[in-house]
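[1] I would like the atomic coordinates for the input below:
(2 chains)
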Amino acid sequence: MSVVVGGDGAGKSTLLRALVGLVRLSSGIARRPSKREIGYVPATAGLYVDLTVDENLAFSGRAYGVVGSALVKRSTELLERIGLADARTRLGGQLSGGMRRKLAVGIGLLHRPALLVLDEPTTGVDPVSRAELWRLVSAAAADGTAVVATTTYVGEAHRASTVMLLEQGRSIATGSPSDIIAAVPGKLGVVRSTSQPEGLSWRWGTTWRVWAPCDDLPEGAEPRQPEFEDAVIIAALADEQKV
Amino acid sequence: MAMLAQVRSLTMRFGALTAVDSVDLSVNSGEVVGLLGANGAGKTTLIRLLLGLLRPWSGEALLFGALPSMSTRRRLGYVPQTLGLYDDMTVQENWTFTTAAFGSARACMPAGISGSRKELVGTLPLGLQRRVAFAVAFSHKPDLLVLDEPTSGVGPLSRARLWQDIRESAEHGAGALVTTHNMEEAEQCDRLVVMVGGRVAAEGTVAEVIGSRTVVQVTCDDWRRAFAVLDAEGLVVQAQGDVLRVPGSPKQVEALLARHDLRGAVATVPANLEEAFVSVASGQSRR
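    Numbering: from 1, shown residues only, chains lettered A, B, ... in the order given. Next up, the predicted model:
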């Protein structure tokens, strides 16, 4: 499972669209399985609001050659998983936000793709539905599907074996979460004060975190092992300094 | 510490639905309170009651010791999830309009956004739009901030900068009520209130909300097969790379793995805030 972390406008959706072949590359290459082996769930859609749950699955099934008894079997299995077995005749548009996202991911998994590509599957989804969604995605990964997902929640990167931090269209760090933490240059410190310390600093709760790229922490700063969220902010600060 | 917002036995019904059910809540001066809850838990209704946009069925919501009114609204800074800015007006026009409405026309536009004063709000990146919404909502130096998903969609660095603004206001004596689905953000609050089904199901500091809850952590050579086994058992198993975390008892998990000839290390570890929240929200008992 790979997760791409970045804010609005970082280029996450374009990266995924380039990966699945929906936009032409200006340069470079994107290697991917054939279209039939990809399940792609865009950020804003993934299902038809004016089709029922069953019709959505049947439509996608037709497009990917999952029909007849295979469709019935696979749909039943997925709907039971995502808790929509009793909602087959409901319109996509009548489902709650969390349910809609789960169904969209379910539709993406219908044809057992080799590669599942999810654009912000959990944005705006509450933590309870989010846990259920990730369980569904991790189950697909455990079953051998390669997963690429984007997110704006830094905490979700922990779920991945590989993380990429994206900022203004550029990758500013890649690796496992522990690789990214280990690659933080300089020192991180905590300052307990209401006024902003010298140097590169940001707020965390009632304290400040200060990053000294050349190890020269300001006086009074307590050194601290960076956590993943610190590492992400430091990567963004370092990138901002360069630009 | 002055009590800025106080909600007592607040109840709101819509037909057969009790959206807010006997809720007590307070926000004090200098304090950042996080309001957590699944969608439909009643957070938005609670905020609308507090702002005076809805009248309660029973109980009361007091702002600065009085019922919500035009004069309490003057002391309030509200940033809705949709930001409440005019997309087809420039940053300067939005600023002028809001400061005029609040009678704070002499306020000074913060340096972070003044560089974009001539740009249409709709053309700015979301991180900057949020900073503008904050600046506009903070321009009359409100005593109470009500922020609905304040950093949704923005990158980590922009999020840290928005929090800097929230903390600065709190240090000047304002209080803030912040709703969020983002657990890193929730961890920055002084106090959390967790709503489930219209009621307050847990409250306190992050440590108090987590309490003594634990999860079982499984490190197994074959994480994929271990995941499939735990998942098939109906457990809400979560994968973090190749480490699995699952609510339940270590004995049960060990037995399950052994039955499928899976070897691995099983340990009981403290739950994180997200796991605690899911446990509270799905009504599981405190372990």
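
[2] Can you verify residue A:195 is assigned to a strand?
    No - secondary structure of residue A:195 (DSSP: H, G, I helix; E, B strand; the rest coil): coil, not part of a strand.

[3] what's the burial count for it?
    Neighbourhood size, residue A:195 [other Cβ atoms under 10 Å in any protein chain shown]: 7. The C-beta positions use only the backbone N, C-alpha and C, and glycine is treated the same way.

[4] Quick one: name the residues of the stretch 151-287 of chain B near chain A.
    Residues of the stretch 151-287 of chain B lying close to chain A (Cβ under 8 Å from any Cβ of the partner chain) are B:152-161, B:163-164, B:167, B:171, B:181-184, B:187-190, B:223-225, B:227-228, B:231, B:236-242, B:274, B:277-278, B:281-282.

[5] and the residue of chain A found nearest chain B, how many neighbours does it have?
    Chain B sits closest to residue A:7 of chain A, with a gap of 2.5 Å, by Cβ to the nearest Cβ. By other Cβ under 10 Å, the residues close to residue A:7 number 22.

[6] Repeat that for residue A:53.
    There are 26 residues near residue A:53, going by other Cβ under 10 Å.

[7] Right, and chain A sits closest to which residue of the stretch 1-150 of chain B?
    Per Cβ to the nearest Cβ, residue B:126 is where the stretch 1-150 of chain B lies closest to chain A, at 3.7 Å.

[8] where does the nearest residue to residue B:63 once chain neighbours are set aside land in three-state SS?
    Leaving aside its sequence neighbours, residue B:63 sits nearest to residue B:72 (Cβ to Cβ, 6 or more residues apart in numbering or on different chains; 4.1 Å). Assigned with three-state DSSP, residue B:72 falls in the helix class.

[9] cool, and residue A:209?
    When classified by three-state DSSP, residue A:209 comes out as strand.

[10] bridging residues for it?
    Beta-bridge pairing for residue A:209 (DSSP bridges): residue A:190, residue A:202.

[11] Kindly report the same for residue B:5.
    Applying DSSP bridges to residue B:5 gives these bridge partners: residue B:27, residue B:63.

[12] residue contacts, it?
    The contact partners of residue B:5, by Cβ atoms under 8 Å, 6 or more residues apart in numbering or on different chains, come to B:25, B:26, B:27, B:50, B:61, B:62, B:63, B:144, B:175, B:177.

[13] picking up where we left off before, tell me the spacing between the residue nearest to residue B:63 and residue B:150.
    Going from residue B:72 to residue B:150 by Cβ to Cβ, to the nearest Å gives 21 Å.

[14] Likewise for residue A:158?
    Distance check for residue A:158 against residue B:150: by Cβ to Cβ, it reads 23 Å.

[15] between these two, who's got more neighbours?
    residue B:150 (27 against 20).

[16] Just to check, the more buried one is in contact with residue B:165?
    No - look at residue B:150 against residue B:165 with Cβ atoms under 8 Å: they stay out of range, at 9.3 Å.

[17] tell me, what's touching those two both at once?
    residue B:134.
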